[in-house]
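Student: using only what follows, build the 3D model:
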Amino acid sequence: MNKIYKKFAAAMFAFVGLIVLTVPAGASQCDPFPKLKLWGNYTHERVQKLVSTRLDGDWNGYLARLDKRLGSIKDIHARGKALALKVGDKRYTLRGKTLAGYIRASEKRLSVIECLAHETEIAALDSFATAAGQEEAPDVELAAIKVGELNLNVAGSCEGGNAIFKVANMGKAWPKLGTVSIYRLGNGEPMRISARRMRFSDGQQATFKVPPAKNPTGRLGLFVDPSWAQRPFEFDGTLTCG
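Tutor: A predicted model of the protein is given here:
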């Protein structure tokens, strides 16, 4: 159990929320990747292996890089310019409708990878709960966030000293990445102990679990910061455990 706990803690509570567990091959419910000659044989299994072995389980970092790259490509298209790509020893130039099609495929690819990242998170949570033999505590509704395009419900619970936030998207899919941050409260200024960059899809729920070692004061606050709009800093939900 200690080995599993250490893996889980390293995955879920690093500053970008790293995850090292993977969903078994063939078990994914995510859509397949769009077929694009430039990408070759792009599969769930290949992406899961890439993130797990070469990126140390950093799904959020991978998603952030893809999202930034996609934004740059959209800017190139909006300015009527061409995109130059090099794949292996071949070079390609995409412009106009061809570039627009590439952007649509890239948007779909990003949404599939977000789905895979979410499945991996759920697998990690399930593995931890099973190994620890914990039963779920009832959730308490903490807040309903309805500001602009944000429509989220925040719930919380305490399980054996662990603090758990659940954030559910009640509105449309997010247009860009946002950051969900958790802060430790008490003993001076709030201290951010976790920050996960993600983009919620329709109906998606994300779970954030903080162990007692990360929460010595017993009090936590959660703040959602969308990258596409400014919000004043104010906790969207607070939770006391311990």
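
Student: assign a three-state SS to L66, would you?
Tutor: Taken by DSSP: H, G, I helix; E, B strand; the rest coil, the conformation at L66 corresponds to helix.

Student: contacting residues for the spatially most central residue of the chain?
Tutor: For the chain, the residue sitting closest to the mean C-alpha position, by Cα atoms, centre = their mean, is M198 at 3.6 Å. With contacts defined as Cβ atoms under 8 Å, 6 or more residues apart in numbering, M198 is in contact with 60, 63, 114, 117, 177-180, 206. All C-beta atoms are positioned from the backbone trio N, CA, C, and that covers glycine.

Student: from the residues you listed, which is closest to K146?
Tutor: Using Cβ to Cβ, G178 comes nearest to K146 of the contacts of M198, at 15.0 Å.

Student: report the beta-bridge partners for that closest one.
Tutor: Partner residues in beta bridges with G178: M198, P226, with DSSP bridges as the criterion.

Student: same question for L239.
Tutor: On the basis of DSSP bridges, L239 takes part in beta bridges with L220.

Student: what helix or strand is E107 on?
Tutor: Per DSSP states H and E, E107 falls inside helix 96-132.

Student: work out the gap between the helix or strand following that helix and the centre of the chain.
Tutor: Proceeding N to C from helix 96-132, the next assigned helix or strand is strand 140-147, under DSSP H and E. The chain centre lies 19 Å from the centre of strand 140-147; the measure is Cα atoms, centre = their mean, to the nearest Å.

Student: strand partners (parallel or antiparallel) of strand 140-147?
Tutor: Taking DSSP bridges as the criterion, strand 140-147 forms sheet pairs with strand 150-159 (antiparallel).

Student: which other helices and strands does whichever helix or strand comes after the strand it pairs with contact?
Tutor: Scanning the chain past strand 150-159 towards its C-terminal end, the next helix or strand to appear is strand 162-169 (assignment: DSSP H and E). With contacts defined as 3 or more Cβ pairs under 8 Å, 6 or more residues apart in numbering; DSSP states H and E, the packing partners of strand 162-169 are strand 150-159, strand 205-210, strand 219-226, strand 237-240.
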